[in-house]
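1. Please find the sequence and the predicted model below.
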Amino acid sequence: MSLRPLLKASAAFRNGHGLRKAIQCNSFSTFASSQILGKELDGPSYSSKPSEPLSPKHVDLPEPLPKGQRKPLPTPLKVLIRRAKEEKTLNREAEQRVLHPPENGLLVPELIKVSHEVYQASITVRLGVSKLLNVLSVHTCRFCPEVHIGRLGHELRNCKGPKSGSRNALHVWIRGSVDHVVDPIDCFHLYDRVGNPRVSHNDMHQIPRIPAIVELCIQAGLDLKECPTRRRVHPVYIVAGQITDFEPSTPYHVKDLQVSNDFCLKELDLKEVSLLSNAQEIQQMGETTLEAWERMRVGAREIMKKYPVKTCGYCPEVQVGPKGHKVRMCKAPKHQFRDGQHAWQEATLDDLIPPIYVWHVRYPNGTTLKNELRKYYGKAPALVELCVQAGAPVPKEYESMMRLDVAMPALEEADIVA
C-alpha cells in the first residue's frame, strides 16, 4: 500500500494549507487504500440520503413576540407578491374570468357536511367543559391572563400584571369560567361574503359579532335561523377586473340582522347542566370533550383551505371572509400610524381557535407547583389539561410538550440536580 497520500495530508496540515485540504487528502488516501486492498474498510457507511429526524423528547412553546413585532406570515411574502401579479395580469388580459367555488359565491359541496360536524363539535366542547367545571377547578389571575387548572393555584412567580413587583410576581387567583378554557374569538357576521365582504366603520354597532368558528361554518354551508346569509344559485364572474353578479339580490337592511351573541349556546343552559355523579362519568365526559375538540380543529383546518380567514398582524382580531373589515378598533402598538385599522394577513388555525396554554399538573391531588421546580414542569392547552385531569388519556402530540418523561426531583433536591 502506498503511503504517499498520507504523507501529502500530513504535509498539507503542517504547512498551513488548512484542515479542509488535509481532510480531502485523507479521504483520497482511504479510497486508494481500499482499492489497493480490494475490499472495503471497516466502519460506518455514509450515504447521500438524509437521515430521518428523531422525535424530540420535549417541545418548548414558542416565545411570545416582542411588543410591536408583527406575526410571521404563513405564506412567504414573495409568493404573495407573485400571486398578486399573476391575478393582475389575468384581469388585464381576460375580458371575463370564471371563478371556482367558493370565490364565485357558491358552496363547496364536500365541505357542507364538515361545517355541520364542526358546529356540533363546538357545542359538545362547550357543554363538556361546563360539566367538568362543576367537578374540577379553574383559576385565573386577577391582574394578568394566567390560567391554572387544579385544586389550588400554582406558586410560580411569573405574574406581569400591575404592581406585580410588590407581590414578588406571585399571582392572585380567582375562580375561572368556561371562557378561560375555550377562548371565544368573535368576528363580524357577513350576510353576503362575495358582494359585500367588508364591514365599514359606521356599521360596527349595527352588524352583530358571533363566534368566529360559527361564522366559518355558516359560510361553509351551515344554515342557522338566527344568522341569515345569502345563498347564491348562479355564480358570479369577473368582468374587466370587477365582480359582476347576474343574480338579482334580495334587499336587506343592516338593522334587520339582530343576532344574539349567545345564540350558538342555546342548547347549553349552564344552570341546568346535569352534574357528574361518579368517576366513570367524569372520565367519559373528559374523553368525549377531548375527541370533540380534536374533531373541531381538524374540521376547521380543512375548511380554512377553501374559505379564507384573516387576522390582524399585531392583535388577536379575526375576520372570516375574503377580506378584513374596515373598523378602526386596533389597539396594538403603533396603531396610530394605521389610523386604528388592522394590518390584515392570512390567519392560521391557532388564530381561529387559540389554545390557552397552562402548566401541566402531574399529580392533581398533590402539592401545588413550586417555583423552584419550574424547569421540570410542562405545558398543555387548557382544554387538554382539563380533560386529562378528568381521566382522559394524554394525546400523543402533547406528550412531549407536557414533559411526562422528565423525572421530578424533590424540593430539597432541586439545588443538587443538574
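-> Nice, thanks for sending it over.

2. Show me the shaky parts of the chain.
-> 1-58, 248-274, 418 (pLDDT under 70).

3. for the longest helix belonging to it, which positions count as buried?
-> In the chain, assigned by DSSP state H, the helix with the most residues is helix 279-304. Across helix 279-304, burial judged by 16 or more other CB atoms under 10 Å covers 281-283, 285-297, 299-300, 302-304. C-beta coordinates here come from the backbone N, C-alpha and C atoms, glycine included.

4. now swap in stretch 352-365 and tell me
-> L352, I353, P354, P355, I356, Y357, V358, W359, H360, V361.

5. Also stretch 386-406?
-> Going by 16+ other CB under 10 Å, stretch 386-406 has these buried residues: 386-390, 392, 394-395, 398-403.

6. beta partners of R175?
-> Beta bridges link R175 to H139, judged by DSSP bridges.

7. quick one on the thing from earlier: how far does the longest helix of the chain sit from its chain's centre?
-> Relative to its chain's centre, helix 279-304 lies at 16 Å (CA atoms, centre = their mean, to the nearest Å).

8. Need the contact partners of whatever helix or strand comes next after that helix.
-> As assigned by DSSP states H and E, the chain's next helix or strand after helix 279-304 is strand 309-312. The contact list for strand 309-312, computed with CB atoms under 8 Å, 6 or more residues apart in numbering, reads 71, 212, 216, 317-321, 323-324, 330, 332, 342-348, 351-352.

9. at 10 Å what do you get?
-> 70-71, 74, 185, 187, 212, 215-216, 219, 300, 303, 317-325, 329-330, 332, 335, 338, 341-352 (CB atoms under 10 Å, 6 or more residues apart in numbering).

10. Given it, what are its sheet partners and their directions?
-> For strand 309-312, pairing defined by DSSP bridges yields strand 318-320 (antiparallel), strand 344-346 (antiparallel).

11. Now do it: distance to the chain's middle.
-> The answer for strand 309-312 is 12 Å, by CA atoms, centre = their mean.

12. Output it as CSV, nothing but the C-alphas.
-> Taking Å, rounded to 0.1, in the frame of the first residue of the first chain, the C-alpha atoms of strand 309-312 are listed here in CSV:
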residue,chain,number,x,y,z
VAL,A,309,-59.8,33.7,7.3
LYS,A,310,-58.0,36.9,8.0
THR,A,311,-56.3,38.1,11.2
CYS,A,312,-54.5,41.2,12.4
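
13. Do a quick rundown of the strands in the stretch 101-250 of the chain.
-> Secondary structure of the stretch 101-250 of the chain, counting by DSSP state E, counting those that start in this stretch: strands at 138-141, 147-149, 173-175, 186-188, 209-211, 237-239, 242-244.

14. Next, the buried residues of stretch 410-418.
-> A414.

15. repeat for stretch 150-163
-> So, applying 16+ other CB under 10 Å, buried residues of stretch 150-163: G150, G153, H154, L156, C159.

16. Tell me who's in contact with the fourth one.
-> Counting by CB under 10 Å, 6+ apart, L156 touches 146, 148, 169-171, 359, 368-374, 377.

17. Please repeat the previous calculation with a cut-off of 7 Å.
-> W359, L369, N371, R374 (CB atoms under 7 Å, 6 or more residues apart in numbering).
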